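**Student:** Sequence plus the predicted model coming up.
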Amino acid sequence: MELRSIEAFVRVAELGSITRASRDLGIVQPALSRHIQRIETELGTSLLVRLPRGVQLTMAGRRFLQHSRHILQEVARATQDMNIAGDCLSGRVVVGISPTLSSLLAPGLIERCTTAHPAISLTIVEEFTRRLQTDLVNGQVDIALLTNPPPNRALRFTAVVTEPIVVVMPRQSRGVSPVVTFDELAATPMLVTRGIRGLVDEQLASHGVCLEIDCEVDAVEAIRRMLLRGRGVTIMPISAFRKEIDEGQLTGVAIGGVNLSRTIMLSHVGDKVSAAVQAVMGLLRAEIDAHAQRGLFSALPDISPQPRTLAGAA
């Protein structure tokens with residue numbers, strides 16, 4: 001079985017179309033179809049169902065896709081290791097970052113990698129934690145930053161930073177009381193992502209508090225734009241909106257009576273990673289440490305209390 005045939009199958013499976021895969025790979029459709037047919041002949045089973053528009057994986061195709069991704073990942077790692085010449089690292093490294101961290105960390109990580117290891121081809125994928133865990137296990141992502149991830153025996157986790165979760169609202173929507181009370185929290189409709197909602201609800205459950213949801217929006221930048229336009233209230237890890245809070249564009253308030261927080265875990269599959277992946281992991285840790293030293297993950301400073309309600313922000 002040829003490696004290029006496996007690569008062709010994976011691309012067809014990911015795109016769901018022989019036509020699109022053909023354009024993406026620069027291979028004419030008949031040649032691409034022959035690659036798939038060779039694999040099906042060797043395996044003695046059909047991997048794809050040809051539909052009027054695109055293709056669909058059979059059950060055997062889904063199983064073989066997992067094996068194929070692992071094969072390509074191991075070949076890529078072997079290639080990276082063999083390409084090491086002195087301190088010159090090369091190869092492709094795919095990094096998964098959650099939407100609440102990507103705008104903060106991705107630019108610096110790209111600059112660091114370009115400067116330190118120009119031969120490394122860096123790809124950054126923005127997804128929420130549960131999807132990133134699946135991508136890690138399936139070999140689509142090499143390393144990922146996960147938020148309070150559930151246990152997974154296939155993955156290795158290293159805690160890199162813990163930060164508070166705060167209420168964020170348009171500027172001047174509220175007085176300068178240092179905390180939001182549980183009653184205020186339960187009575188204020190929130191814009192939230194599904195991931196943060198689940199994380200917050202889990203930590204508030206023992207206090208008998210449940211968030212009032214205005215709208216679930218799985219797009220942090222959309223929530224940011226709404227707040228900057230004076231619309232809504234959200235609950236988020238402090239780093240996601242620290243810049244706007246420090247610059248006075250938005251108001252951030254801690255939640256009283258509970259230490260709401262999230263822990264960011266750096267994760268990868270197994271105990272061994274390639275030298276290129278190790279290098280990118282080091283750069284990612286350095287970028288996080290640099291932001292931590294500037295206080296971006298730190299609690300909000302205390303402010304003299306002048307209590308008001310959140311009514312104006314809802």
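**Tutor:** That came through, no problem. If you're wondering where the values come from, they're calculated on a predicted model, not measured in any experiment. Numbering: from 1, shown residues only.
**Student:** So which elements touch the strand ranked longest in the chain?
**Tutor:** Scanning the chain for the longest strand, with DSSP state E as the assignment, gives strand 155-170. The contact analysis (3 or more C-beta pairs under 8 Å, 6 or more residues apart in numbering; DSSP states H and E) places strand 155-170 against helix 129-137, helix 194-204, helix 220-228, strand 234-237, strand 250-255, strand 261-269, helix 275-293. All C-beta atoms are positioned from the backbone trio N, CA, C, and that covers glycine.
**Student:** Can you list the buried residues in the fifth one?
**Tutor:** Along strand 250-255, the positions that meet the burial threshold by neighbour count (16 or more other C-beta atoms under 10 Å) are 250, 251, 252, 253, 254, 255.
**Student:** Can I get those in JSON lines including distance to residue 154 and pLDDT?
**Tutor:** Putting the buried residues of strand 250-255 into JSON lines (distance: C-beta to C-beta, whole Å; pLDDT from 0 to 100) gives the following:
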{"residue": "250", "distance to residue 154": "39", "pLDDT": "93"}
{"residue": "251", "distance to residue 154": "42", "pLDDT": "91"}
{"residue": "252", "distance to residue 154": "37", "pLDDT": "91"}
{"residue": "253", "distance to residue 154": "39", "pLDDT": "91"}
{"residue": "254", "distance to residue 154": "36", "pLDDT": "90"}
{"residue": "255", "distance to residue 154": "35", "pLDDT": "89"}
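**Student:** how about residue 71, what does it touch?
**Tutor:** Taking C-beta atoms under 8 Å, 6 or more residues apart in numbering as the contact definition, residue 71 lies against 3, 6.
**Student:** May I have the phi/psi pair for it?
**Tutor:** Main-chain torsions, residue 71, degrees, to the nearest 10: phi -60, psi -50.
**Student:** and the gap between it and residue 154?
**Tutor:** 17 Å (C-beta to C-beta, to the nearest Å).
**Student:** and if you look at residue 27?
**Tutor:** Residue 27 is 33 Å from residue 154, where distance means C-beta to C-beta.
**Student:** Please apply the same query to residue 162.
**Tutor:** 24 Å.
**Student:** Looking at the two now, which is surrounded by more residues?
**Tutor:** Counted by other C-beta atoms under 10 Å, residue 162 and residue 154 do not tie: residue 162 has more neighbours, with 13 against 10.
**Student:** Would you tell me which one of the helices and strands packed on strand 155-170 is buried the most?
**Tutor:** Among the helices and strands packed on strand 155-170, strand 234-237 has the highest mean neighbour count (mean count of other C-beta atoms under 10 Å), at a mean of 25.
**Student:** Only the C-alpha atoms, please, for the very next helix or strand once past that strand, written as CSV.
**Tutor:** Remark: after strand 234-237, the chain's next helix or strand is helix 242-246, criterion DSSP states H and E. Once non-C-alpha atoms are left out, helix 242-246 reads as follows in CSV (Å, rounded to 0.1, in the frame of the first residue of the first chain):
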residue,chain,number,x,y,z
ARG,A,242,-8.1,41.7,29.6
LYS,A,243,-6.9,44.2,27.0
GLU,A,244,-10.3,45.8,26.7
ILE,A,245,-10.7,45.9,30.5
ASP,A,246,-7.3,47.4,31.1
